[in-house]
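> I'll drop the sequence and a predicted model, then ask my questions.
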Amino acid sequence: MSNEYNRHLILNEIADPPGTFGLVQSVGKLCVNSSFTFVRILNVITEPIKITVYIDDIEVARDLVYKGVGYYLPVPKGKHVIRIYSDNNKNTTIIELNNVDIPTNQAVTIPVWKAKESLQIMILVDDVNQKIYPDKYVFRIVNLSPDNLSINISTPELNYHVSRSLDSGEYEGYFVRDPSKSLFEFTLPSQVGLRPVRATLNHLASRIYTEYIVGTIDLNTETYQKGYPLELVVSVDGNTIIRSCL
Amino acid sequence: MYKNHRQDVPIDVIPCLAPGFTFLRIAHILPQLGLVSVYLNDKPIILANYLDFSPYFPVIPGVYNFRFYSPLNNTLLFEIKNLEVPANQLSTLVVTGNLENLRVLEVIDDINEKVDADETKVRVFNLTTDKIAYNISLNNYNNSGELLYRSGTNYVKTSPGEAVLQVQLPNGKTQTINLDLNPGRIYTIYVAESLDPTSPSYKLGNILQFILVVDGNTAIIKCI
């Protein structure tokens, strides 16, 4: 695991209890209130293009490649205009959405993907009120399949279906799990006979994750070779460190 | 400029300070008060207990009245009027002293400060009310000189792990505190008066207390 990854999870740490006389410890965190929300962009368009995204003429992501994600930045209350450009060329708007309602007092991830030749966005709320467990992780599954594939997701060692026939553009969760139970199995109900794809995911306790099932642009992946035109993008969500101020 | 996903690690949470905003947190070091409700103009922002450093919250730059209420009966405890919040800063607003002599100090947690994963950075701020300059050393290295009231050192690099902070007191004694510093962190150590003059430790000469805080610049970066 990279140092950078560890570094940015520091804000999730719990302050050590006061030890030596007179020493109090505190850890800096982030919070939102009813005037703002924290927003980031995720590019999972299954094309080799870079996107630059503006919300109300403020650049919130630049040159995001496939599976690239922007930073969480504050966006004030109100209806918003979202413009997405290709390859940082402001003359090439690939999608423009007006009067987009982004809920305040939240963290929000906006994935951009292509489904049936049409660009889609989703206002995916990373619920800042979601409970965090010190010895467990929390996750949800989002299906951003470009071919509108319905997907079954299960955790076989628990003999447990996370989701049956999760349609494209939909999500399920949050689920709470022990960090040791992190084997996931994916099948496509529309393609009987394919062996399931198994993914062992390394989740850490006291984190909130989203597993994005997305289309692939790499035809050499093992998953693709098995007949699944899909990839899994694992994300630590903003609600791991961003909480409601009140 | 923006992070791209790598296969070996999950997409990470990286908050950034966008141009035209400031991230502010409130440090409540008012021993007379317990839990307070902090309002920005007329809007409740956070609850803070004594010795709490609130989370950082985004603020549009401007001039604000900060009002501190008792959450129990909504009584206005005190007010900081017409405080200017400048743009593009990561700041800690330290409220200390007492209700009769309120002291407000805006400490800038420099957004441009960086730390490597195998090092630690530390600075010290003097919040004591007695207007005495202290000599403060970390691991026997004096990096403060005479640290005046309401002033702080620059961030200095140090090795992570155990560290010893020593403060020379006016009575000629030295107060020492042991720290355990994690790597990849930017810390501020706030030095304030001890609260409990009746405690055995105070009677032994430990007249100061220390608040060790991880600053937001450890993890929050500039968007552009």
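Received it, and whenever you're ready, just let me know what you need. Residues are numbered from 1 along each chain as shown, chains lettered A, B, ... in the order given.

> Could you tell me how many residues sit around residue 117?
Just so you know, I chose chain A. Residue A:117 is flanked by 6 other residues according to other C-beta atoms under 10 Å in any protein chain shown. (Glycine included, C-beta is placed from N, CA and C.)

> To clarify, I was referring to chain B.
Look at residue B:117: counted by other C-beta under 10 Å, it has 13 neighbours.

> What confidence value was assigned to it?
On the pLDDT scale, residue B:117 is placed at 86.

> That one should be in a helix, yeah?
No. Residue B:117 is assigned coil when assessed by DSSP: H, G, I helix; E, B strand; the rest coil, not a helix.

> any idea how far chain A is from it?
Residue B:117 sits 4 Å away from chain A, going by C-beta to the nearest C-beta, to the nearest Å.

> Next, find the distance separating that residue from residue B:216.
17 Å (C-beta to C-beta, to the nearest Å).

> Endpoint to endpoint, stretch A:146-160 covers what distance?
Using C-alpha to C-alpha, to the nearest Å, the end-to-end distance of stretch A:146-160 comes out at 26 Å.

> what mean pLDDT does it have?
82.

> So which helix or strand of chain B has the lowest pLDDT on average?
For chain B, using mean pLDDT, DSSP states H and E, the weakest element among its helices and strands is strand B:141-147, scoring a mean of 70.

> what's around residue B:154, how many residues?
11.

> Buried by neighbour count: which residues of stretch B:197-210 qualify?
For stretch B:197-210, a neighbour-count test (16 or more other C-beta atoms under 10 Å in any protein chain shown) marks B:202, B:206-210 as buried.

> wait, I meant stretch A:34-43
A:35-43.

> Stretch A:186-197 now?
Using 16+ other C-beta under 10 Å as the test for burial, stretch A:186-197 gives A:186-188, A:197.

> what about it, start to end distance?
5 Å.

> ok now that stretch, how far from the chain's centre?
24 Å (C-alpha atoms, centre = their mean, to the nearest Å).

> Helices along chain B, start to end?
B:200-203 (DSSP state H).

> for it, what are the low-confidence residue spans?
For chain B, the stretches with pLDDT under 70 are B:1-10, B:142-145, B:195-196, B:199-201.

> and what of chain A?
Ranges of chain A meeting pLDDT under 70: A:1-28, A:88-89, A:181.

> check contacts around the residue nearest to residue B:75 when sequence neighbours are not counted.
Spatial nearest neighbour of residue B:75, excluding adjacent residues (C-beta to C-beta, 6 or more residues apart in numbering or on different chains): residue B:69 at 6.5 Å. Shown in contact with residue B:69 (C-beta atoms under 8 Å, 6 or more residues apart in numbering or on different chains): B:36-39, B:75-77.

> Kindly state the beta-bridge partners for residue B:69.
Judged by DSSP bridges, the bridge partners of residue B:69 are residue B:37, residue B:76.

> separation between it and residue B:104?
In terms of C-beta to C-beta, residue B:69 sits 17 Å off from residue B:104.

> How about residue A:47?
Residue A:47 sits 53 Å away from residue B:104, going by C-beta to C-beta.

> returning to what we had before: tell me the buried residues within the contacts of residue B:69.
If we count by 16+ other C-beta under 10 Å, these have these buried: B:36-39.

> would TSV of these with distance to residue A:218 be doable?
Converted to TSV, those look like this (distance: C-beta to C-beta, whole Å):
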residue	distance to residue A:218
B:36	54
B:37	52
B:38	50
B:39	52
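
> Next, give phi and psi for residue A:157.
According to degrees, to the nearest 10, the main-chain angles of residue A:157 amount to phi -70, psi -20.

> Just give the closest residue to it, not the sequence neighbours.
Nearest one to residue A:157, counting by C-beta to C-beta, 6+ apart, is residue A:183 at 5.5 Å.

> ok, now residue A:124?
residue A:109 (4.8 Å).

> Run through the residues that contact the one you found.
Residue A:109 neighbours (C-beta under 8 Å, 6+ apart): A:39-42, A:69, A:124, A:126, A:210, A:235, A:237-238.

> how close does it get to residue A:140?
Counting by C-beta to C-beta - residue A:109 and residue A:140 are separated by 11 Å.

> which neighbours do the two share?
Joint contacts of residue A:109 and residue A:140 (C-beta under 8 Å, 6+ apart) are residue A:210.

> OK, contacts around the spatially closest residue to residue A:116 that is not a sequence neighbour?
Among residues not flanking residue A:116 along the chain, residue A:148 sits closest, at 6.0 Å (C-beta to C-beta, 6+ apart). Residue A:148 sits next to A:115-116, A:167-168 when contact means C-beta under 8 Å, 6+ apart.

> Top of these by number of neighbours, please.
Neighbour max across the contacts of residue A:148 (other C-beta under 10 Å) = residue A:168, 20 neighbours.
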